[in-house]
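**Q** Prediction below, plus the sequence it came from.
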Amino acid sequence: MTVFFSLLLPAIVLWYIYWKLSRRHMYNLADKLPGPNGLPFIGNALDLTGTSHTVFKTIVEKGKDFNRVIKLWVGPKLIVFLVDPRDIELVLSSQVYLEKSPEYRFFRPWLGNGLLISSGQKWRAHRKLIAPTFHLNVLKSFIELFNDNSRLVCKKMKALNGKTFDCHDYMSECTVETLLETAMGVSRKTQDQSGFDYAMAVMKMCDILHLRHTKIWLYPDILFNLTKYATAQVKLLDVIHSLTKKVIRNKKEAFAKGTRGTLATPEFIKPEEKEQKKEEVKKTSTTTAPTLEGMNFGQAAGLKDDLDFDDGMDVGEKKRLAFLDLLLESAENGAVISDQEIKEQVDTIMFEGHDTTAAASSFFLSMMGIHQDIQTKVVEELDQIFGGSDRPCTFQDTLEMKYLERCMMETLRMYPPVPIIARHMKHDLKLASGDYSIPKGATVVVATYKLHRLESIYPNPDKFNPDNFLPEKTANRHYYAFVPFSAGPRSCVGRKYAMLKLKVILSTILRNFRVISDLGEEDFRLQADIILKREEGFQIRLEPRKPRAKQAPAS
Ligand code: HEM
């Protein structure tokens, strides 16, 4: 025993020296990066203590003392925040820096190795399989369901009789149910309370994940598993996974009975228009945004990726399937996707597809409630499109909602639902904004929230100004200056789905109600629990609009 202990100390010292030496390259490069001073051993870890709102505020405040690159040490972990679009482009557009940072592993018990977390060949194969299920043709077939769900949430909100309420609860439930009906192809008739329970469980799960990201002592599983959070996580995952398992079970039963969800492939473009369209796409592919007749999908002007390759042409020639139908059919036809992988992808799409849009729509409604003059302009545009009728919204209508679209973009600029994106650096990266290099082994964070508030790009950046997205303003802006959906090969696979659904739901709410907020933006207590939220909730009131045409019943 004595021998063991007399050897233990020198062994630890030797290991520590070796460990320090092996990281010499990292320290050398890190020393040149600007950042707030930290304490020995723990670095800046104390800045990450306190409530979610306090942590968010501390990081935003500390960031103000630095320009475009900010370094933090959290214990032995080097984190580098990037704010310059030129540096962000180097990371997001790259085929090399595709690997998510190690902190994403906390999602693993929930999302397994789904699209958000996976890497390498598996990610590539599954992305190729899943991206076409969010093609515009598939999305167009969802419009009726988007309308139904929008009318249903309006009916529920009407029953509140003008009381102040947290619209995020309503938006969460609505987005979960819409996803179940559209991407998962589960009929509302088979849905129950589990959609609402799912949304609430996801919110609490995000709180736990956020705690693990910010509290260094919760990093090791061995310590985390001893805490009450681990027990809570098991219960929450039970609620979350029960829903996704039920969705897959129901769908498989429907398949067994021969009910397949092949979508109609509407010939929305006449044959003679196709050639013209191809020419237009060829001409515009290098100079303009990936839009279809003016539809902006939240991607910065000029950016294109795997979601943009054939929108607006070749429609009707390919069989298009909604997400879960395609995965199940692919599994049957021998494509490399197992039952476990299907479950992981369903969990991923259910999470990524609902919490982000719930936050985006709740921030949008808050903005409308605060900026009454802007809300009036949106409603004037809607009156022009619908002429006061209460008919459902069509795809063509969504193309005409230009001002509403600009308000959505401005909301995503000021309150990006995913406020940071993190990558693990497998190689050193020389930055474009200055004479800095990020060492291999560091975690790089694209600081979307701070990027979107750079004064040099968005004058008066804390002011809600939809004109920031006038075509002449976006045309001259750096591609990577607006990345609410990320960009490049790992960009958000659901961004077109999100933009279309948001247009239908938000226009329906504004056609029915005037939104009022008794709180101003200065009262917002932002917290970045994975998804950006307001600590105090999204409190608004609604007043029915007058004169109102008779409301169509929700189906
Ligand atoms: C306003 C709504 C949305 C926002 C702001 C948003 C934002 C983002 C961002 C920033 C990423 C990159 C995350 C990272 O690299 O860590 C991402 C990835 C992803 N999003 Fe979204 N998203 C939204 C809606 C959706 C919807 C509706 C779906 C699906 C129905 C979806 C599915 C995904 C998936 C699967 C990924 C991972 C893609 C990959 O790594 O290949 N998102 N999203």
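**A** Structure received.

**Q** Contact residues of the stretch 401-550 of the chain facing the ligand?
**A** Within the stretch 401-550 of the chain, the positions near the ligand by C-beta under 6 Å from any ligand atom are 417-418, 421, 484-486, 490, 492-494, 497-498. Any C-beta I mention is one placed from the backbone N, CA and C, and that applies to glycine too.

**Q** Looking at these, state which has the most neighbours.
**A** Y497 (28 neighbours; other C-beta atoms under 10 Å).

**Q** what are the phi and psi values for whichever residue of the stretch 201-350 of the chain sits closest to the ligand?
**A** Of all residues in the stretch 201-350 of the chain, I349 sits closest to the ligand, at 4.9 Å by C-beta to the nearest ligand atom. Torsion angles at I349 (phi, psi; degrees, to the nearest 10) stand at phi -70, psi -40.

**Q** likewise H135?
**A** phi -70, psi 150.

**Q** Do a quick rundown of the strands in the stretch 351-500 of the chain.
**A** 421-424, 429-430, 437-438, 443-446 (DSSP state E, counting those that start in this stretch).

**Q** Can you name the residues in contact with the last one?
**A** What that stands for is strand 443-446. 77-82, 88, 91-92, 97, 101-103, 420-425, 429, 438, 483, 486 (C-beta atoms under 8 Å, 6 or more residues apart in numbering).

**Q** What mean pLDDT does that strand get?
**A** The average of the pLDDT scores along strand 443-446 is 95.

**Q** Dump that strand to PDB, keeping only the CA atoms.
**A** Only the C-alpha atoms of strand 443-446 are listed here, as PDB (Å, rounded to 0.1, in the frame of the first residue of the first chain):
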ATOM      1  CA  THR A 443     -14.500  24.000 -29.700                       C
ATOM      2  CA  VAL A 444     -15.500  26.800 -32.100                       C
ATOM      3  CA  VAL A 445     -18.800  28.600 -31.400                       C
ATOM      4  CA  VAL A 446     -20.500  30.600 -34.100                       C
END
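
**Q** how far is that strand from where the chain is centred?
**A** Distance of strand 443-446 from its chain centroid, counting by C-alpha atoms, centre = their mean, to the nearest Å, is 16 Å.

**Q** so which pair among the residues of the stretch 401-550 of the chain next to the ligand is furthest apart in space?
**A** Farthest pair in these (C-beta to C-beta) is I421 and Y497. Separation: 19.1 Å.

**Q** how about the helices in the stretch 251-400 of the chain?
**A** Using DSSP state H, counting those that start in this stretch, the helices of the stretch 251-400 of the chain run over 271-284, 323-332, 339-370, 372-386, 395-400.

**Q** Run through the neighbouring helices and strands of the fourth one.
**A** Spelled out, that is helix 372-386. In terms of contacts (3 or more C-beta pairs under 8 Å, 6 or more residues apart in numbering; DSSP states H and E), helix 372-386 is packed against helix 339-370, helix 395-400, helix 402-414, helix 495-512, strand 513-516.

**Q** okay if I get those as CSV plus distance to Y16?
**A** Formatted as CSV, those follow (distance: least, C-beta to C-beta, whole Å):
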stretch, distance to Y16
helix 339-370, 38
helix 395-400, 60
helix 402-414, 46
helix 495-512, 46
strand 513-516, 58
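
**Q** re earlier: least reliable of the helices of the stretch 251-400 of the chain going by mean pLDDT?
**A** When I compare the helices of the stretch 251-400 of the chain, helix 271-284 is least confident, with a mean of 45.

**Q** Can you give me the neighbour number for H452?
**A** 23.

**Q** how much space between it and I88?
**A** 11 Å (C-beta to C-beta, to the nearest Å).

**Q** about what we covered before: determine which stretch of the strands of the stretch 351-500 of the chain is the most buried.
**A** strand 443-446 (a mean of 23; mean count of other C-beta atoms under 10 Å).

**Q** hang on, the earlier thing: so which of the residues of the stretch 401-550 of the chain next to the ligand comes closest to the ligand?
**A** Nearest to the ligand among those: G494, at 2.1 Å, using C-beta to the nearest ligand atom.

**Q** Wait, the closest one touches F134, no?
**A** Yes - contact criterion C-beta atoms under 8 Å: G494 and F134 qualify, at 5.7 Å.

**Q** Does the ligand have contacts with stretch 124-138?
**A** Yes - counting by C-beta under 6 Å from any ligand atom, the ligand is contacted by stretch 124-138 at R127.

**Q** and the host helix or strand of T175, what other elements does it pack with?
**A** Using DSSP states H and E, T175 sits within helix 167-181. Packing contacts for helix 167-181, counted by 3+ C-beta pairs under 8 Å, 6+ apart, involve helix 143-158, helix 194-214, helix 339-370, helix 495-512.

**Q** Buried residues, the third one. List them.
**A** Counting neighbours by 16 or more other C-beta atoms under 10 Å, one finds that the buried residues in helix 339-370 are 341-370.

**Q** could you check the angle helix 402-414 makes with that helix?
**A** Between the axes of helix 339-370 and helix 402-414, defined by axes from the mean of the first three to the mean of the last three C-alpha atoms, to 10 degrees, the angle is 110 degrees.
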